[in-house]
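Visitor: the following block contains a protein sequence and its predicted model.
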Amino acid sequence: MFSFFKKKVAATAPAPLGQTTTEPAADAAATAQPEGPVQRAADAPAHPAAPPVPDAGMPALPAAQGLLEQAEAGAADPAVQAPAAAAAMPWWKAAVSKLAGGGSGSHEAAAPASALAWAAPLPSTLPVAPATAPAPPATAPAAPATAPPAAADLPQDPAPVALEPRVDSLEAAPVGRQTWLAKLRNGLRKTGSSIAQVFTGTQIDDALYEELEAALLMADAGVRATEFLLQDLKRRVKEAKATDPARVKGLLAEALAELLAPLEKPLVVGEFQPTVMMVVGVNGAGKTTSIGKLTRHLADAERTVLLAAADTFRAAAREQLAVWADRNRVEIVSNEGADPAAVAFDAVSAGKARGRDVVIADTAGRLPTQLHLMEELRKIKRVIHKADTGAPHEILLVVDGNTGQNALSQVKAFDDALGLTGLIVTKLDGTAKGGVLAAIARERPVPVYFIGVGERLEDLQTFNAREFAQALLA
């Protein structure tokens, strides 16, 4: 048996380099490649060419003998019997067994380790290629309707532009003006009802003028304004040759509108950058609320506003102004416990630095008879002037329409102390003393920028002399 192996190994050993050998036909069949492992290796991805089988030689016989004996006798461990026998069986014997007996299921593992050492290990189950390639998606993703914008077309951050000073009037929008006139008539009904009753008679005589004089005085029109209106009315009646009381009533409305005309002046913003406004008034006149409503008018006119909470005396004054600033979405400068003049100075400086159009400074309410408090207002005005030469550009006095002739005293006192530029008359809807505007027009004609007949934002509107006269005598 050993001699047989020697002969076969010597016969199958490769010839030296440069020589050729001729194998018998029987050996040629034995040297055929086994189907199992070689077929799988052919199906696998390409590998480098297999190295030549080394010379088996005599030293390898004891190992082969031991493997053959182990395969024939069987290993003691059943778990390794089959793989051990398959590893010990020579590859040529597996080929002969296949030709003689038709092969067995174990021939796939019968190839020598040296013959397959160069091949990559194969998985137990090979992946099977799909019968057909996967179908492409039913519809390709649609291309965007328009090409993405070029980099040059993308929106860029706006370049800083210096704000040019603009001079234009802040006038109420015409939308809803009829609603405002209806509110104005209702608000002035208490004042106008006593005057309108004078013209319910049928004759134009001295009694009518006497009743009209009493009604005007009761409406706090003042003596000087009342005398002026009566004289002007008599002149108009004579020129028009009016005999109907209703016609005389219309002539009185024209005379009153002409008297109030000097008070009709729009609030101009934009001439200065920023336009600094200082709001003053007595306690409870409605300064902070009027500032909030005025801020809404400015915001509707596309003006940027900065508020200054310079009323550091009244409790919750800063918080009230902060609420209005939040409603109108504007900025506010405040400092609890600070000097009012210092707060105003900081606000004006901030308004200049931030490029705001308007800066409005709220101040604490005070009576004009309190001289030390009036001196504090003068100090605030001087400090604002230091922060911005020429400021404050507007000094607004908020007047409560319920005070009647006392309002005229306030206008005179504050005008003498500060030099008023405009008025805001509030609460005309709850008083019978709306005739005080005639007294102001006759004795101290400070322009009336706004009048208020309610608590809502839209209840503060610009003053129009003709509308006011017609609503008063409606």
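Guide: That came in fine, so what should we check first?

Visitor: residue 408 contacts residue 222, doesn't it?
Guide: Yes - in this structure, residue 408 is within contact of residue 222 by C-beta atoms under 8 Å, at 6.8 Å. (Each C-beta comes from the backbone N, C-alpha and C, glycine too.)

Visitor: now do the shared contacts for those two.
Guide: Contact with both residue 408 and residue 222 is made by residues 436, 439, 443, according to C-beta atoms under 8 Å, 6 or more residues apart in numbering.

Visitor: okay, and which of the residues you listed map to helices?
Guide: Among these, the residues falling in helices (DSSP state H) are 436, 439, 443.

Visitor: correct me if wrong: the second one contacts residue 228.
Guide: Looking back up the chat, that one is residue 439. No - counting by C-beta under 8 Å, residue 439 sits too far from residue 228 to count as a contact (10.3 Å).

Visitor: mind checking which of these two has more residues around it?
Guide: Neighbour totals were compared for residue 439 and residue 228, and residue 439 leads with 24 against 17 (other C-beta atoms under 10 Å).

Visitor: returning to that earlier point: quick one: the shared contacts of residue 408 and residue 222 as CSV, columns for pLDDT and distance to residue 241 too.
Guide: Listed next are those as CSV, based on pLDDT from 0 to 100; distance: C-beta to C-beta, whole Å:
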residue, pLDDT, distance to residue 241
436, 90, 33
439, 93, 31
443, 93, 32
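
Visitor: where do the helices of the stretch 351-474 of the chain begin and end?
Guide: 371-387, 405-418, 436-443, 465-472 (DSSP state H, counting those that start in this stretch).

Visitor: return the most buried member of the ones you listed.
Guide: The highest mean neighbour count among these, using mean count of other C-beta atoms under 10 Å, belongs to helix 436-443: a mean of 24.

Visitor: give me the number of residues near the closest residue to residue 242 other than its chain neighbours?
Guide: Excluding the flanking residues, the one nearest residue 242 by C-beta to C-beta, 6 or more residues apart in numbering is residue 248, at 5.5 Å. The local packing of residue 248 (other C-beta under 10 Å) involves 22 other residues.

Visitor: from what I can see residue 248 touches residue 208, true?
Guide: Yes - counting by C-beta under 8 Å, residue 248 does reach residue 208; the two are 7.5 Å apart.

Visitor: which residues are common contacts for the two?
Guide: By C-beta under 8 Å, 6+ apart, residue 248 and residue 208 have these common neighbours: residue 199.

Visitor: what about residue 370, distance to residue 382?
Guide: From residue 370 across to residue 382, the span is 19 Å (C-beta to C-beta, to the nearest Å).

Visitor: before we move on, what about residue 474?
Guide: Taken as C-beta to C-beta, the span from residue 474 to residue 382 is 46 Å.

Visitor: do the same with residue 440
Guide: Per C-beta to C-beta, residue 440 is found 27 Å from residue 382.

Visitor: and for residue 473?
Guide: Distance, residue 473 to residue 382, by C-beta to C-beta: 44 Å.

Visitor: likewise residue 230?
Guide: 44 Å.

Visitor: ok, residue 284 next?
Guide: To residue 382, residue 284 is 27 Å away according to C-beta to C-beta.

Visitor: just residue 344 next, same as before
Guide: Distance, residue 344 to residue 382, using C-beta to C-beta: 10 Å.

Visitor: and what of residue 295?
Guide: Counting by C-beta to C-beta - residue 295 and residue 382 are separated by 25 Å.

Visitor: same question, residue 403
Guide: Using C-beta to C-beta, residue 403 is found at 28 Å from residue 382.

Visitor: so, low pLDDT: which residues of the stretch 151-300 of the chain?
Guide: Scanning the stretch 151-300 of the chain for pLDDT under 70 picks out 151-176.

Visitor: and the strands in it, which stretches?
Guide: Under the criterion DSSP state E, counting those that start in this stretch, the stretch 151-300 of the chain contains strands at 168-170, 267-269, 275-281.

Visitor: now render these as TSV, adding distance to residue 241 and mean neighbour count.
Guide: Formatted as TSV, the strands of the stretch 151-300 of the chain follow (distance: least, C-beta to C-beta, whole Å; neighbours: other C-beta atoms under 10 Å):
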stretch	distance to residue 241	mean neighbour count
strand 168-170	39	14
strand 267-269	41	20
strand 275-281	46	26
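
Visitor: looking at those, which is closest to residue 336?
Guide: strand 275-281 (19.6 Å; C-beta to C-beta).

Visitor: pop out the phi and psi values for residue 308.
Guide: phi -120, psi 120 (degrees, to the nearest 10).

Visitor: that one contacts residue 347, correct?
Guide: Yes - if you go by C-beta under 8 Å, residue 308 and residue 347 touch, sitting 3.2 Å apart.

Visitor: which residues does residue 439 contact?
Guide: 220-222, 224-225, 405, 408.

Visitor: among the residues you listed, which one lies nearest to residue 365?
Guide: For the contacts of residue 439, the nearest to residue 365 is residue 408 (18.2 Å; C-beta to C-beta).

Visitor: which residue comes closest to the closest one once chain neighbours are left out?
Guide: Here the residue nearest residue 408, using C-beta to C-beta, 6+ apart, is residue 439, at 5.0 Å.

Visitor: so how far is residue 357 from that neighbour?
Guide: Residue 439 is 34 Å from residue 357, by C-beta to C-beta.

Visitor: and what of residue 398?
Guide: To residue 357, residue 398 is 21 Å away according to C-beta to C-beta.

Visitor: comparing the two, which residue is more hemmed in?
Guide: Per other C-beta under 10 Å, whichever of residue 398 and residue 357 has more neighbours is residue 398, with 25 against 21.

Visitor: is the more buried one in a bridge, and if so with what?
Guide: Note on residue 398: beta-bridge partners by DSSP bridges are residue 281, residue 424.

Visitor: repeat that for residue 306.
Guide: With DSSP bridges as the rule, residue 306 is bridged to residue 331, residue 359.

Visitor: can we start the residue count at 27 from this point?
Guide: In the new count, where the first residue is 27, that last one comes out as residue 332.

Visitor: what about it, neighbour count?
Guide: Residue 332: 24 neighbours (other C-beta under 10 Å).

Visitor: show me the shaky parts of the stretch 377-500 of the chain.
Guide: 457.

Visitor: hmm, back to that, now, of the contacts of residue 465, which are buried?
Guide: Taking 16 or more other C-beta atoms under 10 Å as the criterion, what is buried in the contacts of residue 465 is 246-248, 251, 434.

Visitor: ok, now which ones touch the residue nearest to residue 252 when sequence neighbours are not counted?
Guide: Nearest residue to residue 252, sequence neighbours excluded (C-beta to C-beta, 6+ apart): residue 242, at 4.3 Å. Shown in contact with residue 242 (C-beta under 8 Å, 6+ apart): 221, 251-252, 255-256, 461, 464.
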